[in-house]
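Asks: how would this look folded up:
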Amino acid sequence: MFIDERTQNRIHAVPGESISHGTMRTQDLIPAFMDVVRDTPEYVQVMDAVPAHAKEDKDAEWWNSDEAAGLLESLFDTLDSHSPEGHYFGAHPGDGSDYGFWKTELF
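Replies: Below is the predicted model of the structure:
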(Lines give C-alpha, C1' and ligand atoms only; values in the text may rest on other atoms or scores of the structure.)
Protein backbone atom coordinates (compact mmCIF):
# COMPACT_ATOMS: atom_id res chain seq x y z
CA MET A 1 0.00 0.00 0.00
CA PHE A 2 1.15 3.55 -0.65
CA ILE A 3 -0.24 7.06 -0.37
CA ASP A 4 -0.59 9.04 -3.60
CA GLU A 5 1.47 12.13 -2.80
CA ARG A 6 -0.63 14.36 -5.08
CA THR A 7 -4.08 13.35 -3.83
CA GLN A 8 -3.25 11.77 -0.44
CA ASN A 9 -5.42 8.78 -1.43
CA ARG A 10 -4.51 5.33 -0.12
CA ILE A 11 -3.66 2.98 -3.00
CA HIS A 12 -3.79 -0.74 -2.20
CA ALA A 13 -0.79 -1.92 -4.19
CA VAL A 14 2.97 -2.07 -3.82
CA PRO A 15 5.03 -0.43 -6.57
CA GLY A 16 7.06 -3.07 -8.37
CA GLU A 17 4.70 -5.91 -7.44
CA SER A 18 1.92 -7.47 -9.52
CA ILE A 19 -1.70 -6.47 -9.06
CA SER A 20 -2.88 -9.04 -11.58
CA HIS A 21 -0.79 -11.64 -13.38
CA GLY A 22 -1.38 -14.32 -15.96
CA THR A 23 -4.72 -13.10 -17.26
CA MET A 24 -6.04 -10.41 -19.53
CA ARG A 25 -9.69 -11.29 -18.97
CA THR A 26 -11.91 -8.34 -18.17
CA GLN A 27 -13.67 -10.31 -15.43
CA ASP A 28 -10.33 -10.79 -13.66
CA LEU A 29 -8.82 -7.34 -14.23
CA ILE A 30 -11.78 -5.13 -13.27
CA PRO A 31 -12.24 -6.53 -9.73
CA ALA A 32 -8.47 -6.51 -9.10
CA PHE A 33 -8.09 -2.94 -10.31
CA MET A 34 -11.16 -1.73 -8.40
CA ASP A 35 -9.72 -3.20 -5.22
CA VAL A 36 -6.54 -1.13 -5.64
CA VAL A 37 -8.49 2.17 -5.72
CA ARG A 38 -11.14 1.28 -3.14
CA ASP A 39 -10.18 4.26 -0.93
CA THR A 40 -10.32 6.92 -3.65
CA PRO A 41 -13.09 9.25 -4.86
CA GLU A 42 -12.87 7.54 -8.26
CA TYR A 43 -13.95 4.26 -6.67
CA VAL A 44 -17.22 5.82 -5.54
CA GLN A 45 -17.93 6.66 -9.18
CA VAL A 46 -17.45 3.05 -10.36
CA MET A 47 -18.27 0.89 -7.34
CA ASP A 48 -21.70 -0.07 -8.72
CA ALA A 49 -20.64 -0.26 -12.38
CA VAL A 50 -20.47 -4.06 -12.47
CA PRO A 51 -23.99 -5.51 -12.47
CA ALA A 52 -24.80 -7.93 -9.63
CA HIS A 53 -25.35 -10.84 -12.02
CA ALA A 54 -21.86 -10.33 -13.52
CA LYS A 55 -20.23 -10.17 -10.08
CA GLU A 56 -21.74 -13.59 -9.37
CA ASP A 57 -21.06 -15.11 -12.81
CA LYS A 58 -17.58 -14.64 -14.31
CA ASP A 59 -18.95 -16.07 -17.58
CA ALA A 60 -21.77 -13.49 -17.89
CA GLU A 61 -21.95 -11.75 -21.27
CA TRP A 62 -21.55 -8.37 -19.57
CA TRP A 63 -17.80 -8.99 -19.19
CA ASN A 64 -17.51 -8.92 -23.01
CA SER A 65 -19.61 -5.76 -23.43
CA ASP A 66 -18.62 -2.28 -24.52
CA GLU A 67 -19.64 -1.12 -21.03
CA ALA A 68 -17.11 -3.48 -19.40
CA ALA A 69 -14.41 -2.40 -21.87
CA GLY A 70 -15.13 1.25 -21.08
CA LEU A 71 -14.93 0.58 -17.34
CA LEU A 72 -11.61 -1.21 -17.78
CA GLU A 73 -10.22 1.69 -19.81
CA SER A 74 -11.38 4.13 -17.13
CA LEU A 75 -9.69 2.05 -14.42
CA PHE A 76 -6.42 2.02 -16.39
CA ASP A 77 -6.57 5.82 -16.59
CA THR A 78 -7.39 6.14 -12.88
CA LEU A 79 -4.61 3.82 -11.81
CA ASP A 80 -2.09 5.54 -14.05
CA SER A 81 -3.08 8.91 -12.59
CA HIS A 82 -2.26 7.55 -9.11
CA SER A 83 1.16 6.19 -10.12
CA PRO A 84 3.92 7.08 -7.68
CA GLU A 85 6.64 9.37 -8.94
CA GLY A 86 8.97 7.53 -11.33
CA HIS A 87 6.37 4.81 -12.03
CA TYR A 88 3.59 4.10 -14.50
CA PHE A 89 0.61 1.79 -14.28
CA GLY A 90 0.28 -0.89 -16.93
CA ALA A 91 1.69 -4.13 -18.22
CA HIS A 92 5.19 -5.13 -17.17
CA PRO A 93 7.64 -4.55 -20.04
CA GLY A 94 8.64 -8.23 -20.00
CA ASP A 95 5.17 -9.75 -19.50
CA GLY A 96 2.03 -8.28 -21.08
CA SER A 97 -0.24 -10.09 -18.62
CA ASP A 98 1.49 -8.74 -15.50
CA TYR A 99 -0.18 -5.50 -14.37
CA GLY A 100 1.10 -3.18 -11.69
CA PHE A 101 2.97 0.04 -10.96
CA TRP A 102 6.35 -0.30 -12.65
CA LYS A 103 9.41 1.96 -12.65
CA THR A 104 9.63 4.24 -15.63
CA GLU A 105 12.86 3.43 -17.38
CA LEU A 106 14.72 6.30 -19.01
CA PHE A 107 16.79 5.50 -22.05
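
Asks: how about the helices in the protein?
Replies: 26-36, 41-46, 52-56, 66-81 (DSSP state H).

Asks: Show me what the last one is packed against.
Replies: Secondary structure elements in contact with helix 66-81, counted by 3 or more Cβ pairs under 8 Å, 6 or more residues apart in numbering; DSSP states H and E, are helix 26-36, helix 41-46, strand 87-92. Heads up, the C-betas are built off the backbone N, CA and C, glycines and all.

Asks: which residue packs closest to the one residue sitting closest to the centre of the chain, ignoring adjacent ones?
Replies: Per Cα atoms, centre = their mean, the C-alpha nearest to the average position across the chain is that of residue 33, at 2.8 Å. In space, and not counting its chain neighbours, residue 33 is closest to residue 75: 4.2 Å by Cβ to Cβ, 6 or more residues apart in numbering.

Asks: Any regions of the protein where pLDDT drops low?
Replies: Along the chain, the model assigns pLDDT under 70 to residues 106-107.

Asks: pretty sure residue 75 is in contact with residue 30, am I right?
Replies: Yes: between residue 75 and residue 30 there is a contact at 6.6 Å, judged by Cβ atoms under 8 Å.

Asks: ok, and which of the helices of the chain has the densest surroundings?
Replies: helix 26-36 (a mean of 19; mean count of other Cβ atoms under 10 Å).

Asks: contact partners of that one?
Replies: Residues outside helix 26-36 that contact it (Cβ atoms under 8 Å, 6 or more residues apart in numbering) are 11-13, 19-20, 23, 43, 46-47, 50, 54-55, 58-60, 63-64, 68-69, 71-72, 75-76, 79, 99.
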